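In: quick one, fold the following:
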Amino acid sequence: MPLAPVGAAAERFDPTAGAACYLPATMWGSVPRTRSWTLLAGALVSLAGCNTNVPDPFPESDGFQPIEPCTALPPKPGIAGDPYPETASYVSGWASNYSWAHGFAYVKAPLADVWTAMQDPAVCALNKVDKWAVEMGVEPQFPVSFRIHYWVYTIITVEWELTWRQGPLAGTMAQPVQVGARYQKTWGTNHLQIEMGSIVLEEVAPGITSVQMVGHLSADQQGGPADVTGTLMYFYEKLVLKVHGQPLPYP
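Out: So this is what the prediction gives:
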């Protein structure tokens with residue numbers, strides 16, 4: 001299947017620049033921009049001769065199960081004691097060979113609506129890249145799958161791909177009770193060793209969905225806990241915007 005623009009991001013498709021080219025756009029100041037892949041690409045200029053694109057196995061057995069339990073606590077009650085404020089809490093740290101972040105958030109919408117929003121690759125795409133393209137249905141054995149290819153241009157071109165899988169962890173496609181998503185780098189620059197994450201959606205009260213997020217990252221020049229947290233924050237911000245019918249910022 002050829003790479004093609006999907007959802008709101010199709011507005012940024014440039015047919016003169018190759019398949020599904022998404023051009024830079026003005027970023028919303030209110031949305032976190034913690035992580036910038038331009039920094040990674042710039043740092044790799046001195047290593048240009050060593051930049052190699054490599055495959056990264058994503059075992060089918062991993063499915064769309066969470067990588068690990070989320071250890072972030074639910075957000076504290078909001079205004080007037082709202083037990084499910086539409087906000088998030090995060091924790092992060094270092095493991096032996098990667099940094100990690102966990103996030104726990106709420107969205108004021110039914111599970112079905114939140115999952116529909118998460119199936120839009122524009123919600124899942126990383127920020128601060130020069131262009132991206134998506135291929136849908138890359139792993140038909142899973143209910144939802146797509147692969148996002150990223151480009152960052154400096155003196156060299158840095159490329160990598162993240163493959164997403166989604167499906168019901170409990171319930172059915174028609175009536176999900178709990179939904180899982182998992183993504184992982186499956187091809188690209190060898191200077192990005194680990195990039196993976198998982199999302200768990202669950203309706204915890206009528207019209208209220210919890211979002212539990214996990215991310216891991218290891219890169220030669222960028223990859224600390226703040227970078228992983230920024231990725232989760234950006235995903236959550238776009239998920240909320242999509243659910244509530246608001247325009248999305250672009251990577």
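In: now the helices for the protein?
Out: 37-43, 111-118, 121-124, 225-243 (DSSP state H).
In: check which residues of the last one are buried.
Out: This points to helix 225-243. Neighbour counts over helix 225-243 (16 or more other Cβ atoms under 10 Å) mark 225, 227-243 as buried. (Each C-beta comes from the backbone N, C-alpha and C, glycine too.)
In: so how far is that helix from its chain's centroid?
Out: 7 Å (Cα atoms, centre = their mean, to the nearest Å).
In: same question, the second one
Out: Relative to the chain's own centre, helix 111-118 is displaced by 15 Å; criterion: Cα atoms, centre = their mean.
In: out of the helices of the chain, which gets nearest to N190?
Out: helix 37-43 (12.3 Å; Cβ to Cβ).
In: got the buried residues for stretch 208-227?
Out: 208-219, 222-225, 227.
In: rewinding a little: got the helices of the chain as TSV, with distance to I148 and mean pLDDT columns?
Out: Output for the helices of the chain, formatted as TSV (distance: least, Cβ to Cβ, whole Å; pLDDT from 0 to 100):
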stretch	distance to I148	mean pLDDT
helix 37-43	13	49
helix 111-118	13	98
helix 121-124	6	98
helix 225-243	12	97
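In: mind putting those helices into TSV with distance to Q193?
Out: TSV is the format used below for those (distance: least, Cβ to Cβ, whole Å):
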stretch	distance to Q193
helix 37-43	12
helix 111-118	26
helix 121-124	21
helix 225-243	13
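In: H149 is nearest to which of the ones you listed?
Out: helix 121-124 (10.7 Å).
In: mind listing what's buried in stretch 65-77?
Out: 66-67, 70, 72, 74-75.
In: next, give me the two most distant ones among the residues you listed.
Out: Every pair of the buried residues of stretch 65-77 checked by Cβ to Cβ; the farthest is I67 and P75, at 21.5 Å.
In: circling back: mind listing which of the buried residues of stretch 208-227 are in strands?
Out: 208-219 (DSSP state E).
In: export these as a markdown table, with columns for pLDDT.
Out: As requested, these are arranged in a markdown table below (pLDDT from 0 to 100):
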| residue | pLDDT |
| --- | --- |
| I208 | 98 |
| T209 | 98 |
| S210 | 98 |
| V211 | 98 |
| Q212 | 98 |
| M213 | 98 |
| V214 | 98 |
| G215 | 98 |
| H216 | 98 |
| L217 | 96 |
| S218 | 95 |
| A219 | 90 |
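In: ok, which of the helices of the chain comes nearest K131?
Out: helix 37-43 (11.6 Å).
In: from K108, how far off is the residue of the chain positioned farthest from its centre?
Out: Distance from the C-alpha centroid of the chain, by Cα atoms, centre = their mean, peaks at A80 (31.9 Å). Distance, A80 to K108, by Cβ to Cβ, to the nearest Å: 14 Å.
In: then T71?
Out: 24 Å.
In: any low-confidence regions in the protein?
Out: Within the chain, the ranges that satisfy pLDDT under 70 run 1-49, 222, 251.
In: ranges for the strands of the stretch 1-150 of the chain?
Out: Ranges of strands within the stretch 1-150 of the chain are 53-55, 88-94, 99-107, 131-136, 144-153, based on DSSP state E, counting those that start in this stretch.
In: and the ones you listed: which comes nearest D113?
Out: Nearest of those (Cβ to Cβ): strand 99-107, 8.4 Å.
In: got the angle for that closest one vs strand 208-219?
Out: 160 degrees (axes from the mean of the first three to the mean of the last three Cα atoms, to 10 degrees).
In: counting contacts, what elements does strand 99-107 pack onto?
Out: strand 88-94, strand 208-219, helix 225-243 (3 or more Cβ pairs under 8 Å, 6 or more residues apart in numbering; DSSP states H and E).
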